[in-house]
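A.B. asks: model this:
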Amino acid sequence: MMIGCDVNHQTVKGNGISMHVAEKGSGPLVLLLHGFPETWFSWHRQIDFLAAHGFHAVAPDLRGFGDSDAPLSPSSYTWFHITADLISLLDHFSSEKAYVVGTDWGAVAAWHLALLRPDRVRGIVALTVLFAPRFTDVKPLQSMRQMFGDDFYICQFQEAGRAERALSRYDCATVMKKFLLINNKAGMLIAPPGTEIVDYLETPAVTPPWITEEEIQVFADKFQESGFTGGFNYYRALNLNWELLAPWQGAKIGVPAKLIVGDKDMGFESGGTKEYIQSSTFKTVVPDHEIVILDGHHFIHLERAHQVSQEILSFILKHS
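C.D. replies: All right, here's what the predicted structure looks like:
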């Protein structure tokens, strides 16, 4: 049993890989998708909460993370691969449709599952990351470099091995603290010239009350085993995804959606997130949506675990 979470663990084979999942409860399926640098364990509070309220909570380690398979090539991390992984989970649990909750990369996975296979999705709750229309002429990395420069964290993550080498200079618990407890007052994550982003991030001296040292160590132990390349491959597939998703140019999200963001999340004020979610563009591409802004930072599902659980439950009950 892991800290504070009595769940069932199993390995599901599908779409050519093995995926580790943690699950609990019975009833309608709720798929919980983590981000970077996380594993299924990010959702342990929500798993207990949803199971107690009559739902079957299933939290996989996404491909590249934790105890799931981690193909080496970034080309194996497109949204078509991830969507197929998730469909294989729904099939395994004999669920025609599921509610899908995701944060960070897991939120992007939820948006794309809804985009590519809306017939399998009852509705999505996306934390921290919005659904954005595909740029018509500019590849994502080119756009990011134009806006934020080469030392923007996503740009630094592109070169194979570079970020892995930078992170290896620290023990995994320190890396987890740098990312999970991020409090970037400047807004976007841009390192000073000649500095790696992991060196730029502070290591908080005190652990906040919403996470324990033991919980941080659970993440650290898993990344010590798996490494970080699988997670970085999501960033390294950005341009490939842009190319492959051209047929969906202009497509809308056709299922109900709820967006939950922290008002102190990086980029909420300075990166245009606040303006975008209030814009006509967002209303056009996600017609059936609601927005909840909470007092918090990027890892809002950890920082405001009970509030987020309540918001997920209210959305599910509304659309059941």
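
A.B. asks: Let me know whether Lys264 touches Asp295 as I believe.
C.D. replies: Yes - checked against CB atoms under 8 Å, the pair Lys264 and Asp295 is within contact range at 7.5 Å. In this view, the C-beta of every residue, glycine as well, is placed from N, C-alpha and C.

A.B. asks: the more surrounded of those two?
C.D. replies: Set Lys264 next to Asp295 and count neighbours by other CB atoms under 10 Å: Lys264 wins out with 17 against 11.

A.B. asks: which SS class is the closest residue to that one other than its chain neighbours?
C.D. replies: Distances taken as CB to CB, 6 or more residues apart in numbering place His297 nearest to Lys264, at 4.9 Å, with adjacent residues excluded. Following DSSP: H, G, I helix; E, B strand; the rest coil, the label given to His297 is coil.

A.B. asks: what phi and what psi does the backbone show at His297?
C.D. replies: phi -110, psi -150 (degrees, to the nearest 10).

A.B. asks: for it, what are its contacts?
C.D. replies: Ile182, Asn183, Gly262, Lys264, Asp265, Met266, Glu303 (CB atoms under 8 Å, 6 or more residues apart in numbering).

A.B. asks: which one of those residues is nearest His92?
C.D. replies: Closest approach between the contacts of His297 and His92, by CB to CB: Glu303, at 31.5 Å.

A.B. asks: what pLDDT does the closest one get?
C.D. replies: On the pLDDT scale, Glu303 is placed at 96.

A.B. asks: Tyr153 against Ala191, yeah?
C.D. replies: Yes - here Tyr153 lies in contact with Ala191, judged by CB under 8 Å, at a distance of 7.2 Å.

A.B. asks: joint contacts of the two?
C.D. replies: Ile197.

A.B. asks: how about low-confidence regions in the protein?
C.D. replies: 1-5, 184-186, 270 (pLDDT under 70).

A.B. asks: let's see 80
C.D. replies: Along the chain, segments meeting pLDDT under 80 span 1-5, 183-187, 267, 269-272.

A.B. asks: which residues in it form strands?
C.D. replies: 8-14, 17-24, 29-33, 56-60, 98-103, 121-127, 257-262, 289-294 (DSSP state E).

A.B. asks: would you list those in TSV and tack on distance to Glu214 and mean neighbour count?
C.D. replies: Shown next, in TSV, are those (distance: least, CB to CB, whole Å; neighbours: other CB atoms under 10 Å):
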stretch	distance to Glu214	mean neighbour count
strand 8-14	19	13
strand 17-24	17	21
strand 29-33	21	27
strand 56-60	19	26
strand 98-103	21	28
strand 121-127	23	26
strand 257-262	24	23
strand 289-294	25	16
